[in-house]
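> Give the three-dimensional model of this entry:
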Amino acid sequence: MPLPAQQIVSMRLQPSLLFILAVAACRDRTPSNPTVTVTVAAAASLQEAVTELDSLYAVEHPNVAVRATFGASGAVRQQIEQGAPVDVFISASDRHVDALHRAGLVDARSRRAFAGNVLVLIVPAASGANVRGFGDLASPAVRRVAVGAAASVPAGEYAEQVLRSLGIAEAVAAKAVYAQNVRQVLSYVERGEVDAGIVYRTDVRASRRVRVAAEAPPATHAPVTYPLVLVSRRPHPEEARAYAAFLLGPRGREVLMRRGFTVP
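Have a look, this model is predicted:
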């Protein structure tokens, strides 16, 4: 039978009972399974693939939140050097991971080959420019060529290797429009602001406004590789390691291949 209101008000709770009730109230407000956030920083060309994989991972691991950021590999490397809270780094070239390794900022034992790609020359889909191969970029008919800035954008680094191998690097440099990442190169070509651009084959899959004029001969540049590595001194190393294993596993390989990447 319920107590009268006056009796409830007049009741004196013992200190031990107050403590028990306070603890119970705190437990009610605390999630039974706290969420851990794992941050992945990846090359811009991996945006669609990694975003899809993160969605799949969230279904299987509801208590782990993955926060993904994308950009030029060199820019991401600098952010990690400056202390950015990154757990997993996927670069579009070995050079930037090598630099972090020398600085002692990554776990060298965790380094794995994640994916590969193909470098291509693209032009606007409706372009009337006679660009059929990389050699045509030196022609006076080609006025502007979009490439990534080689110092920070691996696609630009590979592009520079191709142009030097073909002996046309200086001619193209005079008409180059430098981009901050490979997706910006794609945008320049899509909008017709340049006559041609150099990107990865997978980037073209995201656009109907460009077409591939040629693939870069493999012998003219270093292989396009995406190394994955765990960043040192992160607060949730086990969760980061499990997430990396998922990316490198069968689900990751399936998504990468379907999106046009090669896998080791």
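
> Of all the residues in the helix or strand hosting Gly116, which ones are buried?
Using DSSP states H and E, Gly116 sits within strand 106-117. Using 16 or more other CB atoms under 10 Å as the test for burial, strand 106-117 gives Val106, Asp107, Ser110, Arg111, Arg112, Phe114, Ala115, Asn117. Yep, even glycine has a C-beta here, placed from its N, CA and C like the rest.

> State the phi and psi torsions of the residue nearest to the spatial centre of the chain.
The centroid of the chain falls nearest to Ala42 when counting by CA atoms, centre = their mean (2.0 Å). The phi/psi pair for Ala42 (degrees, to the nearest 10) reads phi -130, psi 160.

> can you tell me how far it sits from Phe114?
9 Å (CB to CB, to the nearest Å).

> picking up where we left off before, tell me what the residue nearest to the centre of the chain is bridged to.
For Ala42, the beta-bridge partners under DSSP bridges are Phe70, Ile90.

> what touches both of Ala42 and Phe114?
Ile90 (CB atoms under 8 Å, 6 or more residues apart in numbering).

> before we move on, the earlier item: and the helix or strand just after the strand holding Gly116, what does it pack against?
Counting by DSSP H and E, the next helix or strand C-terminal to strand 106-117 is strand 119-124. Applying 3 or more CB pairs under 8 Å, 6 or more residues apart in numbering; DSSP states H and E, we find strand 119-124 packed against helix 154-165, helix 182-190, strand 196-200, helix 201-204, strand 210-215.

> Show me what the next helix or strand along the chain from strand 119-124 is packed up against.
Remark: after strand 119-124, the chain's next helix or strand is strand 145-148, criterion DSSP H and E. Under the contact criterion of 3+ CB pairs under 8 Å, 6+ apart, strand 145-148 touches helix 154-165, strand 176-179, helix 182-190, strand 196-200.

> any chance of these in TSV, with mean pLDDT and distance to Ser93 too?
Putting the helices and strands packed on strand 145-148 into TSV (pLDDT from 0 to 100; distance: least, CB to CB, whole Å) gives the following:
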stretch	mean pLDDT	distance to Ser93
helix 154-165	98	4
strand 176-179	98	16
helix 182-190	97	11
strand 196-200	98	12
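
> Arg208 is nearest to which of these?
helix 182-190 (9.1 Å; CB to CB).

> what's the angle between that closest one and helix 154-165?
70 degrees (axes from the mean of the first three to the mean of the last three CA atoms, to 10 degrees).

> Contacts for helix 182-190, please.
43-45, 47, 72, 92, 122-124, 146-148, 153-156, 177, 179, 194, 196-200, 203-204, 206-207, 209-210.

> Now restrict those to buried residues only.
43-45, 47, 72, 92, 122-124, 146-148, 153-156, 177, 179, 194, 196-200, 203-204, 206-207, 210.

> any idea of the mean pLDDT in stretch 213-220?
For stretch 213-220, mean pLDDT rounds to 97.

> Which residues outside that stretch are in contact with it?
Stretch 213-220 is contacted by residues 118-123, 131-134, 136, 158-159, 161-162, 165-166, 196, 198, 201 when judged by CB under 8 Å, 6+ apart.

> ok, for Leu163, nearest residue in space, not its chain neighbours?
Among residues not flanking Leu163 along the chain, Ala169 sits closest, at 4.1 Å (CB to CB, 6 or more residues apart in numbering).

> Same question for Tyr178.
Using CB to CB, 6+ apart, the nearest residue to Tyr178 is Ala149, at 4.5 Å.

> neighbours around that neighbour, how many?
Neighbour count of Ala149, defined by other CB atoms under 10 Å: 19.

> for stretch 200-207, the distance to its chain's centre please.
Relative to its parent chain, stretch 200-207 has a centroid offset of 15 Å by CA atoms, centre = their mean, to the nearest Å.

> For that stretch, which outside residues touch it?
Counting by CB under 8 Å, 6+ apart, residues outside stretch 200-207 touching it are 45, 48-49, 117-120, 122, 155, 182-183, 185-186, 190, 210-212, 215, 224, 259-261.

> Please consider this matter closed, and thank you.
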